[in-house]
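**Q** Need coordinates for the following:
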Amino acid sequence: MTIRVLIADDQPAVREALHLTLDGEPDIEVVGEAADGAEAVHLALWRRPDVVVMDLRMPYVDGIAAIRQLAEVEAPPRVLALTTFDTDEYLFGALQSGASGFLLKDSDPELLLEAVRALHGGHGLVDPKVTTRLIHRFARLSPASAADARQRLTARELEVLRQLARGLSNAEIARALIIEEGTVKTHVASILRKLGLPSRVRAVIYAYEHGLASRD
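**A** From the prediction side, this is the model:
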């Protein structure tokens with residue numbers, strides 16, 4: 001299956017470089033390019049890409065605002081946030097708004113391809129350069145009440161959420177819980193729907209914020 005990708009970046013040279021990297025792969029097709037967040041949302045609704053590679057710092061409507069808008073549409077695309085600026089504002093802003101992945105622009109092209117394929121497969125990917133900071137942020141959090149999640153999720157869904165927080169794929173969760181991979185996918189979709197979360201990455205953050213996952 002070909003992965004349909006939309007590129008959003010205000011710099012033509014960056015868009016061209018991303019286009020060449022992505023469109024050169026046999027399983028990836030670039031279906032559009034946008035120069036700002038508003039155009040990215042418009043093209044995403046028109047072209048219906050599977051993944052949007054979204055620069056966070058753009059004129060008019062920035063990337064974080066565009067991610068937030070896309071998270072609210074029916075059957076939203078997966079969004080890979082891309083930025084030059086390694087700051088908590090961009091990292092947590094993008095993930096909280098609904099991005100399924102986060103990469104710095106100086107990342108290796110192979111990591112970009114890996115991220116696009118991971119997002120298309122329903123997974124998340126965060127640049128290894130910022131993963132440690134993300135973990136430290138979790139370690140400092142005082143867990144919010146988990147009562148609401150326990151009321152809204154079944155016992156099996158809570159267990160799947162804990163496995164998600166360990167960074168396991170659907171196949172690995174299926175092996176750990178001795179259930180079918182298709183059942184895991186159903187549980188993940190139910191978790192996201194019940195908790196009103198846009199992505200697996202956001203579900204992992206939720207699990208740590210609410211003390212549903214180990215901080216070890």
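**Q** so how many other residues sit close to Arg156?
**A** For Arg156, the count of nearby residues is 14 (other Cβ atoms under 10 Å). Placement of C-beta: from N, CA and C, glycine included.
**Q** I'd like the distance between it and Pro12.
**A** Remark: distance between Arg156 and Pro12 (Cβ to Cβ, to the nearest Å) = 49 Å.
**Q** what packs against the helix ranked longest in the chain?
**A** In the chain, assigned by DSSP state H, the helix with the most residues is helix 181-195. The contact analysis (3 or more Cβ pairs under 8 Å, 6 or more residues apart in numbering; DSSP states H and E) places helix 181-195 against helix 147-152, helix 155-165, helix 170-177, helix 200-209.
**Q** Show me which residues of that helix are buried.
**A** Val184, His187, Val188, Ser190, Ile191, Leu192, Leu195 (16 or more other Cβ atoms under 10 Å).
**Q** Including distance to Gly93 and mean pLDDT, could the helices and strands packed on helix 181-195 go into a markdown table?
**A** Output for these, formatted as a markdown table (distance: least, Cβ to Cβ, whole Å; pLDDT from 0 to 100):
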| stretch | distance to Gly93 | mean pLDDT |
| --- | --- | --- |
| helix 147-152 | 23 | 79 |
| helix 155-165 | 21 | 91 |
| helix 170-177 | 27 | 90 |
| helix 200-209 | 12 | 82 |
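**Q** Enumerate the strands of the chain by residue range, in sequence order.
**A** Applying DSSP state E to the chain gives strands spanning 3-8, 28-34, 51-55, 78-83, 101-104, 125-126.
**Q** would you turn those into CSV with distance to His19 and mean pLDDT?
**A** Formatted as CSV, the strands of the chain follow (distance: least, Cβ to Cβ, whole Å; pLDDT from 0 to 100):
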stretch, distance to His19, mean pLDDT
strand 3-8, 6, 98
strand 28-34, 5, 97
strand 51-55, 10, 97
strand 78-83, 13, 94
strand 101-104, 16, 92
strand 125-126, 20, 86
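**Q** and of those, who's closest to Ala171?
**A** Taking Cβ to Cβ, strand 125-126 is the member of the strands of the chain nearest to Ala171, at 16.2 Å.
**Q** what pairs with that closest one, and is each one parallel or antiparallel?
**A** Paired with strand 125-126 in the same sheet, following DSSP bridges, are strand 101-104 (parallel).
**Q** hmm, back to that, using TSV, please lay out the strands of the chain together with mean neighbour count.
**A** TSV is the format used below for the strands of the chain (neighbours: other Cβ atoms under 10 Å):
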stretch	mean neighbour count
strand 3-8	25
strand 28-34	19
strand 51-55	28
strand 78-83	27
strand 101-104	24
strand 125-126	21
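**Q** Ala8 is in contact with Glu39, correct?
**A** Yes: using Cβ atoms under 8 Å, Glu39 is in contact with Ala8, at 7.4 Å.
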